[in-house]
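Student: sequence and predicted model, in that order:
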Amino acid sequence: MTSSTGDDNQSLPSINLKDYIEAYTWKIFRENQGFFKRLFVSKCMHYVDIQWGYLQFKHKTNSDEKDEISSSEQQDVQLFVSEYENKTPTPQNYTLSATRETRSSATVEIQKNYTLGGHMNLEIDLAKFGKIGADLNQSVSVTNTSGGTFEKTLTWTVDTEVRVNPWHKAKAIILVKESKKINKFEVKTTVSLPERHLPVAIRRKADKRIIWVMWLTNITKIFDKHFMDDNNIRVVEEHLIDTNIIREDIELTTCGVCKVVSWSNQFVQVESDKLPDNMPEHIKQDLDKTDEKD
């Protein structure tokens with residue numbers, strides 16, 4: 001995969017599909033109307049109504065180890081501690097039961113994108129970022145044009161026995177591993193017209209009355225070739241099944257950075273030590289002999 005640098009991404013403007021569909025609609029309207037009718041239809045008194053549901057968006061996330069900006073070593077994080085004392089001459093078993101929660105997060109920062117007016121339609125497959133924990137191994141939908149933070153709560157449950165030797169104290173610690181990493185990513189979005197048309201209407205603002213309708217049958221027509229070349233917009237040909245029709249779709253590129261915090265590998269660590277006080281002398285001698293043998 002070839003990725004642009006952050007500076008390259010920021011130098012390219014966002015592509016607002018709404019603006020280009022509206023501009024193309026007004027262009028075709030003027031070309032198909034007489035001079036006098038055009039005089040009575042002004043943009044300030046009318047608006048373009050786009051039926052976005054006729055557009056289909058398919059997303060493919062590209063990110064691999066080469067796109068990793070930084071990654072910290074896994075750290076053991078303490079979730080719960082329980083302490084036990086055994087002041088008897090025989091080993092004792094205690095039950096450690098606890099439930100704790102951790103919160104994983106993926107923060108997406110968009111650097112270059114396309115929009116649908118004031119929002120966007122984007123899916124990012126977090127599984128493409130490598131090992132980030134099963135709790136975040138999924139796709140997220142981004143609608144905010146600058147990105148967003150996605151969180152997931154994971155519940156950790158422990159129910160196990162802790163064995164404490166005679167005249168010993170023990171500390172049982174529940175730990176999980178925390179991982180942090182930052183990845184660059186690139187999403188290729190194919191925009192198509194599965195019904196082979198997009199209804200677009202010009203309406204009067206005063207009463208929302210439709211004064212003209214256009215059926216856009218080729219989404220690539222909203223851009224000119226020079227603009228597509230300059231903004232890395234690609235035409236994708238789709239051969240429709242059981243027909244001789246070739247549909248032209250457009251492929252748009254979104255670039256950004258994703259910061260991930262994830263959790264994995266719960267385990268219990270037991271620390272044990274002799275009790276210092278109130279221990280019968282004969283027990284203390286027996287324990288010393290045992291320690292010497294160990």
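Tutor: Thanks, I have it.
Student: which helix runs longest in the protein?
Tutor: Using DSSP state H, we find that the single longest helix of the chain is helix 17-32.
Student: quick check, E237 in contact with E251.
Tutor: No - using CB atoms under 8 Å, E237 is not in contact with E251, being 10.9 Å away. All C-beta spots, glycine's among them, are computed from the backbone N, C-alpha and C.
Student: compare those two (neighbour count), which wins?
Tutor: Relative neighbour count places E251 above the other of E237 and E251, with 17 against 8, counting by other CB atoms under 10 Å.
Student: ok, now which ones touch T189?
Tutor: By CB atoms under 8 Å, 6 or more residues apart in numbering, the residues touching T189 are 57-60, 114, 121-122, 251-254.
Student: hang on, I meant S141
Tutor: Taking CB under 8 Å, 6+ apart as the criterion, S141 is in contact with 121-123.
Student: again, only using 7 Å
Tutor: E123 (CB atoms under 7 Å, 6 or more residues apart in numbering).
Student: count of residues packed around L216?
Tutor: Neighbours of L216 under the rule other CB under 10 Å: 21.
Student: check which helix or strand the residue minimising distance to the centre of the chain maps to.
Tutor: Central residue of the chain (CA atoms, centre = their mean): V140, 4.2 Å from the mean position. V140 belongs to strand 139-142 when assigned by DSSP states H and E.
Student: where does the stretch 151-294 of the chain have low pLDDT?
Tutor: For the stretch 151-294 of the chain, the stretches with pLDDT under 70 are 277-294.
Student: helices of that one, start to end?
Tutor: Listed in chain order, the helices of the stretch 151-294 of the chain (DSSP state H, counting those that start in this stretch) span 225-230, 281-293.
Student: in the host helix or strand of F150, what's buried?
Tutor: Following DSSP H and E, one finds F150 within strand 147-164. Within strand 147-164, the residues that count as buried by 16 or more other CB atoms under 10 Å are 147, 150, 152, 154, 156, 158, 162, 164.
Student: would you mind pulling up the elements that that strand packs against?
Tutor: strand 75-86, strand 92-112, strand 168-192, strand 246-274 (3 or more CB pairs under 7 Å, 6 or more residues apart in numbering; DSSP states H and E).
Student: so how far is the third one from its chain's centroid?
Tutor: Spelled out, that is strand 168-192. 12 Å (CA atoms, centre = their mean, to the nearest Å).
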